[in-house]
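Participant: Build me a model:
(chains A and B)
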Amino acid sequence: MEKKMVNFMGGKSTPGPQAPPADPVQWLPAKDERLMEHSLCELCVRLKNLKWGALQVQSLEEDVHKLWETELDRRFGCEDSGAAAAEARHLEENILGEILVTSQMVRWFAHCALPFILQGVHG
Amino acid sequence: MVNSEITSKGKRTALSLLDIVTQQQEQQERHKENTATHNSTAHGAPRFQRLPEKLSHRGKNETVAPFALRYRVQLLKIHRAATWKTFLFHGRLVTFDIWRACQLRLILLLAHMAIQMSLPAGAGGGVGGGGVGGCGSGGLEDEAGAGSEDRWKVKGEVRDYSTLQLMQTMVRIAEEAANTSAPSPELWNTYCEDNYSVVLVRLEHHLAAVRQRFPWVDSYGPLSVHMLEYLMATGCFDESACPITNRDDVVGLLRTVREATDMSEGVEVAALAVTCLRMYLHSRDLDTLLLAQQHLERMQTLPDSAFNTSKSRSGGFIPPRREQGLAWYKVASLEEVLSSLRVLLSDAHSYFINPIDEIPVAVQVFVMAHALLKSANGAPASALSSEEEVCTCLKASVRARFSAIVDAQARPDGTVNVEGCIDAVTNLAEEVEVEALHFAPGYMSMVPRAAGIAVLEYIICCKQSVEDSVQSFRTLSGDAVRLWRALSALQNIIGRLVPEDCKEEAVEALTTLAGLSKLFDRCVQSWMDDQASRYAEVLANCIELEKTQKWATLQDSGVSSSVVDLFHMFHETVPQLFGLGLPLSRDDVLNCISQVDLFVMKYCNEIMTQHYKDKPFRMDPAGLIPQFQLKKDALDKMTGQMQELFTQEGRQAARERKELTRAPKGQEDSMKLKMQRSLNVFSASSNKSPQAEESKSAASPIAILDKAGQMTGKAVPSCVCHDFVQMCGMAH
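Facilitator: Below you'll find the predicted structure:
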């Protein structure tokens, strides 16, 4: 089964010892050989970790925004509850903006690519 | 006789009897003038003192002040027992002997006061401390043996006197004069008159020595005014010592004294105001302060001329600033009122017992005195308005209170450590509340935003003190958290207590407090550095564990422990950051989250990276997608076939399916036809042309296999063919 997965992962046969590598990519070990090191189960766990991590990143981002809003409410609530406070509260310097930017890649993989991969792996 | 008669009560009574003879002589005439021109004079007391014609200074070249030494000596020279008319004063019969004793006592008192006032501070006793008879004791003894300047040259005397000897001699002369009496006028004229005149002349010579050195004793200078104040303090406020318990009588007596000293009404009012204030400082009785306020209100109604008694100028020494009669006294009394109240209002927490009631009155009195002083002639120009003065007092009061709070936490060397600073800030929250509710409102009559100004001043002092005590926190510590919590409590109180009309001060106070957050910058940064180290350590441990356990999944989940541990840690970090109890800025939050972001990405890299022969290779999910798309159908087929071939259930299901699809009897296809049908299906899935399908339709199974084997290396994708061949092989 693992051997079949190696093939499905795009593995190609290892170039023969007689054939000199024309492309530098060919200096790399063959993908099937590399994938032989991993079991299918391990691969699935990694991918599931990635997907679960993407959900956690989203949750974490929501938590940070919520806590920051609470902090702003506390900070400006004690000073003033009028329109001036509301205006100061929404100043640009108080807006947290987009956070966990680097982790957006994880989310992209998880949301776009990995479900499909997982679906493929598990049928 | 004088010594024996002098008691505190007797002395005051005697002083009140001054000039009573003259008052009686002029009573009718005075009453007419009073009713005609001065309706404001109450109690029937004389408005001014008329001197006997012989003593009247008006129209003469030399002015003799009514309260002066020479005036009293001249009275003694004029009056005799034979012509004396006994009178009643407050129920007491005043005979010639009593009157003469009072005059002599006053003469000695004036001389004593003049000498005492000229002495350096602390060299002598108080004016009223020893009584007339005892004037030679006390401070005068100390200077008896002083240098040549303290020797007194007396006209008609051979030797010089020391100060003590001079006073003792005057007391003996006064005693001799007081003891001179005769049973009848004839005997007096025969035996006493000459000696009595000589005694009085001798007394006059001794007093002349005093006047020569202290000319102002004959003027209206401070002596008379201080005497008036003394009488007011004793007569109005010391009821145990005053023989007159009726306040109206006291006021009448004071007016008598004032008029006897030829002082204007303004001086009396000023003296009353300043005396009431002194009494308030002593007793802290609000009624006394209100009384001072009333006297100041009276002062406001009086013109400056009411304080100028140019007729009182004498030929003697008068200090330059006192050339305008007693106008200087108005300035002096107002300055005293102002300075006294400035002290009180500048440390209200220490001085006011009932601040809510007392401070507003004190502020009113202060403002009235300030306005009067600014309008008075000869007053020093004040650059500040009344509002600014009161505001300055309020700020000074706040600073004084804050200093007391901080000093309570100071160490023996006077410095305040971080612990003390935290305690001070903690206590300050309560103090600010007390100030805003009980003390600052008292200043609001002049400073409408007193509460805001007071709170802001507290915060400014607090900021300075915290900065002095705490340079900065290098690491996250309990002290840092406690201090910021105390500051935060202060912030909350400011937001809650400061009135609506003091928003400007409240915002400034909060901004000032927020400026202290820079003390904690390194503290937050230090905590973040610690978190980053922890992240790195936990991530490394997790990855190592995953490698060891071959990415084993957790029970009832599809994920391994690393992702759970890491994100549990990240989720814990965020509330910790906001719950640190330290000031957080947007940058702090972003810095912390960027650390989390970084380590999430590191973990993902670990997931996506495989290691082969000590070299990392990154999995590219995007690159895998096309492969899955192409192989998905084949994989599905392969999986289905494998289930049919390798499992009993699969084989049974296949048999049942086969039975259902079997053709009716007699119409069974041959084995050849079956294989051909199978080949057609395969050909359709491998996109072969119709011609090729037709050419292979008659092929045997072996041929089909051979053909499939040929196709394996040609048009059909190798993996699919390989799988198919394998499946077939496995079936065999």
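
Participant: Quick check: mean pLDDT of stretch B:580-600?
Facilitator: For stretch B:580-600, the mean per-residue pLDDT is 86.

Participant: does any part of it sit near chain A?
Facilitator: Yes. Applying CB under 8 Å from any CB of the partner chain, one finds that stretch B:580-600 is in contact with chain A at B:584, B:586, B:589-590, B:593-594, B:596-598, B:600. (C-beta placed from N, C-alpha, C; glycine too.)

Participant: Taking the residues you listed, please make a ChimeraX selection of just the buried ones.
Facilitator: Buried residues among the residues of stretch B:580-600 next to chain A (16 or more other CB atoms under 10 Å in any protein chain shown), as a ChimeraX selection:
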select /B:584,586,589,590,593,594,596,597,598,600
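
Participant: Inside helices: which ones of the residues of stretch B:580-600 next to chain A?
Facilitator: B:586, B:589-590, B:593-594, B:596-598, B:600 (DSSP state H).

Participant: Sketch out the low-pLDDT regions of the stretch 351-500 of chain B for me.
Facilitator: B:377-382 (pLDDT under 70).

Participant: and whichever residue of it sits closest to chain A, how far is that from B:Arg485?
Facilitator: Going by CB to the nearest CB, chain A is nearest to B:Gly495 of the stretch 351-500 of chain B, at 3.7 Å. For B:Gly495, the distance to B:Arg485 equals 16 Å [CB to CB, to the nearest Å].

Participant: Distance-wise, check the residue of the stretch 351-500 of chain B closest to chain A relative to B:Ala436.
Facilitator: B:Gly495 is 12 Å from B:Ala436, by CB to CB.

Participant: who has more neighbours, those two?
Facilitator: Neighbours per residue (other CB atoms under 10 Å in any protein chain shown) separate B:Gly495 from B:Ala436, with B:Ala436 holding more: 23 against 17.

Participant: How about the contacts made by that one?
Facilitator: B:451, B:454-455, B:497-498 (CB atoms under 8 Å, 6 or more residues apart in numbering or on different chains).

Participant: if I've got this straight, it is in a strand?
Facilitator: No. Counting by DSSP: H, G, I helix; E, B strand; the rest coil, B:Ala436 is not part of a strand but helix.

Participant: Rebuild the contacts of B:Ala436 as JSON lines, extending it with neighbour count.
Facilitator: Shown next, in JSON lines, are the contacts of B:Ala436 (neighbours: other CB atoms under 10 Å in any protein chain shown):
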{"residue": "B:Ala451", "neighbour count": "26"}
{"residue": "B:Ala454", "neighbour count": "28"}
{"residue": "B:Val455", "neighbour count": "28"}
{"residue": "B:Leu497", "neighbour count": "18"}
{"residue": "B:Val498", "neighbour count": "25"}
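
Participant: Looking at these, which is nearest B:Val201?
Facilitator: B:Val201 lies nearest to B:Ala454 out of the contacts of B:Ala436, by CB to CB, at 67.9 Å.

Participant: Could you say which helix or strand holds the closest one?
Facilitator: helix B:450-469 (DSSP states H and E).

Participant: in that helix, what counts as buried?
Facilitator: Those would be B:450-463, B:465-466, B:469, for helix B:450-469 by 16+ other CB under 10 Å.

Participant: what does stretch B:102-120 give?
Facilitator: B:102-117, B:119.

Participant: B:Arg586 against A:Leu96, yeah?
Facilitator: Yes. If you go by CB atoms under 8 Å, B:Arg586 and A:Leu96 touch, sitting 6.4 Å apart.

Participant: Report the set of residues contacting both of those two.
Facilitator: Counting by CB under 8 Å, 6+ apart, the residues touching both B:Arg586 and A:Leu96 are A:Trp68.

Participant: for chain A, what are the nearby residues on the stretch 401-550 of chain B?
Facilitator: B:491-492, B:494-496, B:503, B:506-507, B:510, B:550.

Participant: Show the buried residues in those residues.
Facilitator: In these, the ones that pass as buried (16+ other CB under 10 Å) are B:491, B:494-495, B:503, B:506-507, B:510.

Participant: now, the most widely separated pair of those?
Facilitator: Checking these with CB to CB, the most distant pair is B:Gln491 and B:Lys503, at 14.7 Å.

Participant: Where is the longest helix in chain B?
Facilitator: Every helix in chain B considered (DSSP H), the longest is helix B:521-548.
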